[in-house]
Each structure stands twice: as C-alpha cells, then as structure tokens.
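Participant: the following block contains a protein sequence and its predicted model.
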Amino acid sequence: FAERGAGIYCFSSSPSITKNIIANNRAVEYGGGILCWLSSPTISHNTITGNVSDNYGGGIWCYLYSSPMVSSNVIASNKAGSGAGIYCYHHSSPTIDGNTIENNSSYGHGGGIYCEYESDVTLINNAITGNSADYQGGGIYSYSDLTLANNTIIGNSAGETGGGIYSVNASLTIINSILRGNEASVPEDSQIYFRSNDPLEVIYCDIEGGWGEPGDENIDADPLFVDPSAGDFHLRYDSPCIDKGTAEGAPAVDFEGDQRPQGDGVDIGMDEWRLLDEDGDGMDDIWERDYFGDLSQGADGDYDGDGLSNLEEYQHGSDPTDPDTDGDGLSDYDEGYTYGTDPSEADTDGDGLSDDDEVHTHGTDPNNADTDGDGWTDGLEVDAGTDPLDPGDYPAPYVDDDNTSGPWDGTEDHPYQYIQDGID
C-alpha cells in the first residue's frame, strides 16, 4: 500500500523488470502495480494482476516523458478510476507489444488502456479482451495519437461509448487488427468511437458491423479463433483473416515470435497462422479433428473413396468425408483434376449453371461464365433458349425507358433505357 507506485516505483531510471508476479498492491493516487516517472524501463514477461489505484493506472502508470517497453506481460484484473490496465500521461510514449490485457475494470474511462496529454502510444500484437469502463473506452481510451497494428480487441465493454476503442481530438491509425464482440450503450459505437479533425486510418481490419470503404480492405467476418472462450485467440486453418492483412506497418513477428508472413500475406490479428501438425502428415491437426475426430488418418489415405487423397482434399479445401463436397454431381477428384473447378463451389464461374450441368448437359465451360463470348452469361442464354456455344445466337435485349437509374445490361431485370443501346 502506498500513495503512488505501490508495487514498484521508477523515478528517472530505466530498470529491467522481468519475470515477476506483481499482485494485489494498492495506490491511493497513481500506479497500483508499477509507476514510471521520467523513466523508460523494460517491463516484460510479468504477471501484473489484482492491483488497484484509487485514481489512475491500476496495473501500470506512465508519466512525464516516460517511454517504457511493455512486452509479453499478462496485465489482468486490475482496477482504477481510469486506465485500469495501463495509464499513459503527459508526453509518455510507451511501446506496448505482445501483452494480454484482460478483465481490467475502470469506474471512469479506459478499462484496458488510457492515453492522454500528448502521449504517442504504439500498440502491436496485443490481446485486449474482457476489459470494462463505466463511461468511455472499454478496451482503449485515447486523447492522444494512437497507432495499432495486429491487435486482437475482443469482448470489451463501455457504459457509454467506445466499447473497443474511444478516440477523440487526436489521430488514430489501425491496421491488421480484429475488433469484434465489443459493447457500448450506443450500438454503432461499440467497436470504434472516433471524433477528431486529426487523421483516421482503419485498413486491413476485421471489424464487426463493417468499417470504411472497399479500398480500405476491411472485412466483417467471424475470425474463427481456436477457442476464444478459453482465451485462445490463435486463428484456425479456415479463418478469413489469414493472408488478408498488409505487410506495410506490420510487425515482423507475431505475439509468439512467429515470423510474418507465414503464407501468401500477413494475417489480421495478433496471431500469424502456421500449420499445426503434430503427426507430420502435412494436414492441419484441427482440420483432421474437425473431419475425422482424431489424427489417425494418414495423408495418403482416401477416406471417402473419391480418388483424392486426404492430403489433396486438405489442399483443395474439400470435405475428405464426402466424395462430392459441393453436391453438384461432379466428384471432388473430377473437379480438382479433370475440369479444374472448385470442389467446394457448385457453380464455379457463377453463371447460374452448376458445374455438372455445364459439363454433361450444355457442353459449356464451367470456368467461364460466357463460354461463347457474346456478352451473355451461359445461364442467361439457357434461360432464354439461345445457344451458349454460338456467339451469333443470343437473347434480344430488353429496353424500358422507365429504367432511368440503372443498372443497364439488357436483361429483363436490368433493361436498357434506350433502344439504341439495345441495337449497339
């Protein structure tokens, strides 16, 4: 128990604070666990838990030109008026890398992290989960410039706005990060609340409810964590976040030190997916357990008898227990090796005809939506009774001068507005 810095007090110093348990300390004013004043210590591989500050910085308080490296810690279940996990104030610019910041609670702002007064904070590779604030910023509250790369921000809550991130009167940059399941009293502000004339950039992220414009390359999809209920935020082999990030601005390694990228591109979130293969058969162990229940099936086996080995099914993304994964009438083997179609998609080219119908009924190309190149998809030609193999035989275009707003492609659903367009 102390007025300030109840666990560890750093003043004008830069010690290395590593591999400690800093627990159940209480500060009346600032820094329940660790206080940094004009100090830039290395704070790594510690468990900082159960600490309390009646005012600011339950776990860590950074003040007055302090720039600590805070890495690979568990900062959990701390409490404070604001900044229950970490509080950064007055030109403090820490790098916060690879930490688990979870279940911290603030009766003011910033359950996980609070930043203000010209504190330029960088957050990379962190899991910020289950934190809460009675007012703003369940995960993060920022009144200073903030840069986030490859963070996973999940399940935080705010009594008012900014369940995931609350940022005002400062710039905010977020890349390659996951924000989902955060809650606020105003639903549209649950993931991010931003009000500022300073720059905002949110790109290559997975954000619940969506964010930005198509060119921002953000997605809105379940990231498919291995076991989020148990705090395991590794990506599964089938996660939509794999290879969907950007290398620009991404850290060189993930939260466990795995190199980025592992595949064709950088992954979104703190984890860079890599093959988990205990039995060395080239198939992801989670995939094997999903389909076979265990790791007993070998790579060369053909569980469903469709001609594709189990390893080939894994590589093609097909179901090793079903000889026709997409149910289109073509076996997975024929799709993969005879016709080059997608064994998990019944209509590979999206023309309205199944791959099997294209091959066995109409003789069209299942990988080309317009086999004869006449501007009409094979499906539309079949519906209209014209020959999808003859470029000189195509449906008469529809024209309707009431269709003033488009789109216009001459079909019954999207007729041309003018006769000349139909003639052309």
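Facilitator: Yep, that arrived.

Participant: and the gap between S177 and E201?
Facilitator: 12 Å (CB to CB, to the nearest Å). Every C-beta, even on glycine, is put in place using the N, C-alpha and C of the backbone.

Participant: between these two, tell me which one has more neighbours.
Facilitator: S177 (29 against 13; other CB atoms under 10 Å).

Participant: contact partners for the more buried one?
Facilitator: The contact partners of S177, taken as CB atoms under 8 Å, 6 or more residues apart in numbering, are 148-153, 205-206, 268-269.

Participant: any chance of those residues in JSON lines with secondary structure as columns?
Facilitator: Formatted as JSON lines, the contacts of S177 follow (DSSP: H, G, I helix; E, B strand; the rest coil):
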{"residue": "L148", "secondary structure": "strand"}
{"residue": "A149", "secondary structure": "strand"}
{"residue": "N150", "secondary structure": "coil"}
{"residue": "N151", "secondary structure": "coil"}
{"residue": "T152", "secondary structure": "strand"}
{"residue": "I153", "secondary structure": "strand"}
{"residue": "C205", "secondary structure": "coil"}
{"residue": "D206", "secondary structure": "strand"}
{"residue": "I268", "secondary structure": "coil"}
{"residue": "G269", "secondary structure": "coil"}
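
Participant: among those residues, name the buried ones.
Facilitator: Those of these that meet the buried threshold are 148-153, 205-206, 268-269, by 16 or more other CB atoms under 10 Å.

Participant: using a markdown table, lay out those together with pLDDT and distance to T246.
Facilitator: As requested, the buried ones among the contacts of S177 are exported to a markdown table (pLDDT from 0 to 100; distance: CB to CB, whole Å):
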| residue | pLDDT | distance to T246 |
| --- | --- | --- |
| L148 | 98 | 13 |
| A149 | 98 | 10 |
| N150 | 98 | 10 |
| N151 | 98 | 14 |
| T152 | 98 | 17 |
| I153 | 98 | 18 |
| C205 | 98 | 10 |
| D206 | 98 | 13 |
| I268 | 98 | 9 |
| G269 | 98 | 13 |
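
Participant: okay, now G231: neighbour count?
Facilitator: Using other CB under 10 Å, G231 has 14 neighbouring residues.

Participant: what residues are up against it?
Facilitator: 100, 102, 127, 129.

Participant: next one: I21
Facilitator: Neighbouring residues of I21 by CB under 8 Å, 6+ apart: 46-47, 49.

Participant: try 7 Å
Facilitator: Going by CB atoms under 7 Å, 6 or more residues apart in numbering, I21 touches T47.

Participant: distance-wise, check it relative to N78.
Facilitator: Separation of I21 from N78 (CB to CB): 13 Å.

Participant: strands of the stretch 151-300 of the chain, residue ranges please.
Facilitator: 152-154, 157-158, 165-168, 172-175, 178-180, 192-195, 200-203, 206-207, 225-227, 232-235 (DSSP state E, counting those that start in this stretch).

Participant: and these, which is most packed in?
Facilitator: strand 152-154 (a mean of 28; mean count of other CB atoms under 10 Å).

Participant: show me what it is packed against.
Facilitator: Contacts defined by 3 or more CB pairs under 7 Å, 6 or more residues apart in numbering; DSSP states H and E place strand 152-154 against strand 127-129, strand 178-180.

Participant: starting at the chain centroid, how far to that strand?
Facilitator: Distance of strand 152-154 from the chain centroid (CA atoms, centre = their mean, to the nearest Å) equals 9 Å.

Participant: quick check: bridge partners of I128?
Facilitator: In this structure, I128 bridges to I101, I153 when assessed by DSSP bridges.

Participant: burial count for it?
Facilitator: Neighbour tally, I128, other CB under 10 Å: 33.

Participant: how about K79?
Facilitator: For K79, the neighbour count with other CB under 10 Å is 20.

Participant: contacts only, for it.
Facilitator: K79 makes contacts with 52, 58, 105, as judged by CB under 7 Å, 6+ apart.

Participant: how about a cut-off of 8 Å?
Facilitator: Contact analysis of K79 by CB under 8 Å, 6+ apart lists 32, 51-53, 58, 104-107.

Participant: now the helices and strands packed on strand 152-154 in a markdown table, with mean pLDDT and distance to D421?
Facilitator: Shown next, in a markdown table, are the helices and strands packed on strand 152-154 (pLDDT from 0 to 100; distance: least, CB to CB, whole Å):
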| stretch | mean pLDDT | distance to D421 |
| --- | --- | --- |
| strand 127-129 | 98 | 54 |
| strand 178-180 | 98 | 45 |
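
Participant: coming back round to it: name the residues contacting each of I21 and N78.
Facilitator: Shared contacts of I21 and N78 (CB under 8 Å, 6+ apart): T49.

Participant: shouldn't T361 be within a strand?
Facilitator: No - counting by three-state DSSP, T361 falls outside a strand, being helix.

Participant: what distance do you get for it to L172?
Facilitator: According to CB to CB, T361 stands 55 Å off from L172.

Participant: likewise for N46?
Facilitator: Applying CB to CB, the value for N46 to L172 is 28 Å.

Participant: same thing with D413?
Facilitator: For D413, the distance to L172 (CB to CB) stands at 42 Å.

Participant: got the contact list for the one helix or strand D357 maps to?
Facilitator: Using DSSP states H and E, D357 sits within helix 355-357. Helix 355-357 is contacted from outside by 326, 328-330, 335, 339, 341, 346-348, 366, using CB under 8 Å, 6+ apart.

Participant: filter the residues you listed to the buried ones?
Facilitator: Of the contacts of helix 355-357, these count as buried by 16+ other CB under 10 Å: 326, 328, 330, 335, 339, 341, 346-348, 366.

Participant: CSV please, covering those residues and showing pLDDT.
Facilitator: Shown next, in CSV, are those (pLDDT from 0 to 100):
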residue, pLDDT
D326, 97
D328, 96
L330, 97
E335, 96
Y339, 97
T341, 96
A346, 97
D347, 98
T348, 97
P366, 97
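
Participant: now the closest residue to D370 other than its chain neighbours: how far from P41?
Facilitator: Using CB to CB, 6 or more residues apart in numbering and skipping the chain neighbours, the partner closest in space to D370 is T377 (5.5 Å). Distance, T377 to P41, by CB to CB: 64 Å.

Participant: over to N310?
Facilitator: 51 Å.

Participant: please apply the same query to Y143.
Facilitator: Shown here: Y143 relative to P41, a distance of 24 Å by CB to CB.
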